[in-house]
Every structure is written in C-alpha cells, then in structure tokens.
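In: missing the sequence, but the structure's below:
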C-alpha cells in the first residue's frame, strides 16, 4: 500500500470534483434563498402552479422547487468526493435539467395541474442553460491531474 496521496484521493481534490462542489454549493444557496423572505416574494405554496412566490422577482418557486434545489446541492457535495461521481453528477444532472426544459416547453407559465413544480419561462430557459453548462463541464474537465509519462 502506498503512502502517496493523489489529488483525487482528497475531497474535491481534482478540477472536476471542485466543479461538482461549486455547483452543489450554488444549488444549496438557491434552495435556501427560495425560503428567505425578501429574496423570495409572494405566497410560497408547497407545490403546483398556485405558488406565486418569485425568487429574486424573476423565478417562480415553491417549497417543492426549493427542496429539489437543496437535494441537487446535497448530491453535488456527495459527488465531489470522487472524480467519477463528480462527472456523473454533472452529466446526469445536466440531462435531468434538459428533460425539465423540454417539460417546461409544454407547462411553463400555465395554470395546468401538469405544472406541479412550478415553472415559469425564466425558470425554463435557466434550465436549458444549466443543462448545457453541466453536461459541458462534466465532459470537458478531466477526472484528475494527469501524471507525467513514466511517473
């Protein structure tokens, strides 16, 4: 057994792990912000299009919406333990946000029961940006530090 510790043996030791950590922290902050009066205005409902709460006056949120952000944040913090987990978190999370974007194309801004998250158009386009960004980060960044040939 070796006493040498590589960057990927440490929590958030590689670049991909650091990115997963930062993305996870951002999701946690957004999830918490969705419950903070002043950052979130209007009536915060549990779920559904009936929640008229607006995060930063732009993004429609509900308790369910905020909890989803918090869960994405926790998963990001856990994924940052391993390079492979970090990559999977970013790519699979990005795919989930792409699916949410497609879903939002049909439900955003509607008073339909199908809009249970709830979503408005600002949320929907942010989901597309998140989808592209997370998948791109998960694909572009290396898992760990490259070791010199022969090392």
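Out: Structure's in. What do you need? This one's a predicted model, so the numbers in the text were calculated from it and none came from an experiment. Numbers count the residues shown, from 1 in each chain.
In: When you work out contacts or count neighbours from here on, use the C-alpha atoms and nothing else.
Out: Fine.
In: so where do the helices sit in the protein?
Out: The residue ranges that make up the helices of the chain, judged by DSSP state H, are 15-33, 63-79, 83-107, 121-140.
In: Can you check which of those gets nearest to residue 56?
Out: Relative to residue 56, the nearest member of these by C-alpha to C-alpha is helix 15-33, separated by 8.9 Å.
In: what angle sits between that closest one and helix 83-107?
Out: Orientation check (axes from the mean of the first three to the mean of the last three C-alpha atoms, to 10 degrees): helix 15-33 against helix 83-107 gives 40 degrees.
In: quick one on the thing from earlier: could you dump the helices of the chain into JSON lines and include mean neighbour count, distance to residue 39 and mean pLDDT?
Out: Formatted as JSON lines, the entries for the helices of the chain read as follows, by neighbours: other C-alpha atoms under 10 Å; distance: least, C-alpha to C-alpha, whole Å; pLDDT from 0 to 100:
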{"stretch": "helix 15-33", "mean neighbour count": "22", "distance to residue 39": "6", "mean pLDDT": "96"}
{"stretch": "helix 63-79", "mean neighbour count": "21", "distance to residue 39": "13", "mean pLDDT": "95"}
{"stretch": "helix 83-107", "mean neighbour count": "20", "distance to residue 39": "23", "mean pLDDT": "94"}
{"stretch": "helix 121-140", "mean neighbour count": "18", "distance to residue 39": "16", "mean pLDDT": "94"}
